[in-house]
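> the following comprises the amino acid sequence and a computationally predicted model.
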Amino acid sequence: MSTDLSGEVAVVTGVSGRLGAVWATCLLEAGADVVGLDVRENPDSGLEKIAAAGRYLFLKADVTDRRSLDSAGEACLDRIGPPSILINNAGVDQPPSEEIGSWLFEDLPDALSEVVFDVNALGVLRVSQVFGAEMARRGRGSVVNIGSLYGIVAPDPRLYQHIPIDPPFLKPPAYGMSKAGVTALTRYLAALWGPAGVRVNTLAPGGVLGGQDPTFQEKFTARVPLGRMAVAEDLTGPLLFLASDMSRYLTGQELVVDGGYTCW
């Protein structure tokens with residue numbers, strides 16, 4: 001057993017985001033051909049250099065639009081081959097921002113929650129219907145759904161109290177609700193597709209370093225036994241483990257990579 005993915009075709013949704021590029025790059029380095037899906041292409045991700053070598057294909061697709069996903073599925077089959085790895089990464093979040101504003105819990109607008117659910121939860125369902133079902137028809141594959149620490153525990157409002165926004169910033173509840181729903185879907189699909197040879201697991205990162213203000217970083221890391229936030233290199237090993245035959249008898253599980261945040 002190894003993490004060598006030579007000959008595999010991996011599909012990564014939300015590939016133009018910060019973690020999307022991390023997943024795509026590590027899969028390419030492990031030998032897989034990668035199809036990246038997103039509503040926009042990110043020329044700063046570094047993936048265009050690999051695209052020139054013919055092992056990376058970007059396809060414009062929207063996880064909220066089933067027809068665009070069906071078109072992407074057909075293009076994947078025609079231009080690269082049948083998928084054997086699916087990374088359901090596309091998601092939206094709302095970091096603190098004076099421009100976006102904030103609300104009291106009782107005043108949170110439905111539109112804010114609807115967008116989060118449509119991308120983070122229904123988006124994973126739609127993509128799985130297109131690419132995961134294709135794996136099941138062919139009798140093999142690994143699906144890795146990207147969850148979150150906040151699908152397991154509640155966000156601590158004290159982490160945000162120093163931010164000068166009125167009313168005080170609240171992490172949108174729909175985010176954690178949607179990520180918890182992803183884990184429920186993982187278990188559902190693991191049971192459904194296990195007999196067809198397709199494994200389905202969740203990878204749940206903890207706080208990932210990415211431009212947060214110093215006070216937030218200090219507060220957050222004080223709650224992490226390993227004493228720091230995650231960086232990209234902390235996440236690629238767990239992803240390759242779940243995507244490869246190294247985890248060939250693992251399905252329906254959630255692998256939490258949080259530096260120990262949830263152990264106390």
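Great, that's in hand. Numbering: from 1, shown residues only.
> excluding its backbone neighbours, what's nearest G123?
Counting by Cβ to Cβ, 6 or more residues apart in numbering, V63 is the residue found nearest to G123 once chain neighbours are left out, at 3.3 Å. Backbone N, C-alpha and C define where each C-beta goes, glycine included.
> same thing with I165?
According to Cβ to Cβ, 6+ apart, the nearest residue to I165 is S102 (4.8 Å).
> thinking the one you found is in contact with P168, fair?
Yes. Counting by Cβ atoms under 8 Å, S102 does reach P168; the two are 6.9 Å apart.
> more neighbours: the two, which one.
S102 (19 against 14; other Cβ atoms under 10 Å).
> identify the residues contacting that one.
Applying Cβ atoms under 8 Å, 6 or more residues apart in numbering to S102 gives the contacts P96, I165, D166, P167, P168, F169, L170.
> make it 7 Å
I165, P167, P168, F169, L170 (Cβ atoms under 7 Å, 6 or more residues apart in numbering).
> that one and F169, how far apart?
Distance, S102 to F169, by Cβ to Cβ, to the nearest Å: 5 Å.
> go on, M1?
M1 is 45 Å from F169, by Cβ to Cβ.
> same check, this time on D33
41 Å.
> same question for V9.
41 Å.
> with L226 instead?
26 Å.
> between those two, which is the more surrounded one?
Counting neighbours by other Cβ under 10 Å for L226 and for F169 shows that F169 has the greater number, 24 against 13.
> secondary structure of that one: a strand, I assume?
No. Judged by DSSP: H, G, I helix; E, B strand; the rest coil, F169 forms no part of a strand; its state is coil.
> one step back: for the residue nearest to G123, the count of nearby residues, please.
27.
> now do S113
So S113, with other Cβ under 10 Å, has 16 neighbours.
> could you list every residue that touches F105?
L170.
> find me the pLDDT at it, would you?
F105 is assigned 91 on the pLDDT scale.
> please apply the same query to the one 10 residues further on.
According to the prediction, V115 has pLDDT 95.
> count the neighbours of it for me.
Neighbours of V115 using other Cβ under 10 Å come to 16.
> quick check: nearest residue in space to it, chain neighbours excluded?
V92 (6.4 Å).
> just to check, the one you found is in contact with V119?
Yes. Using Cβ atoms under 7 Å, V92 makes contact with V119 at a distance of 4.8 Å.
> right, I'll leave it there.
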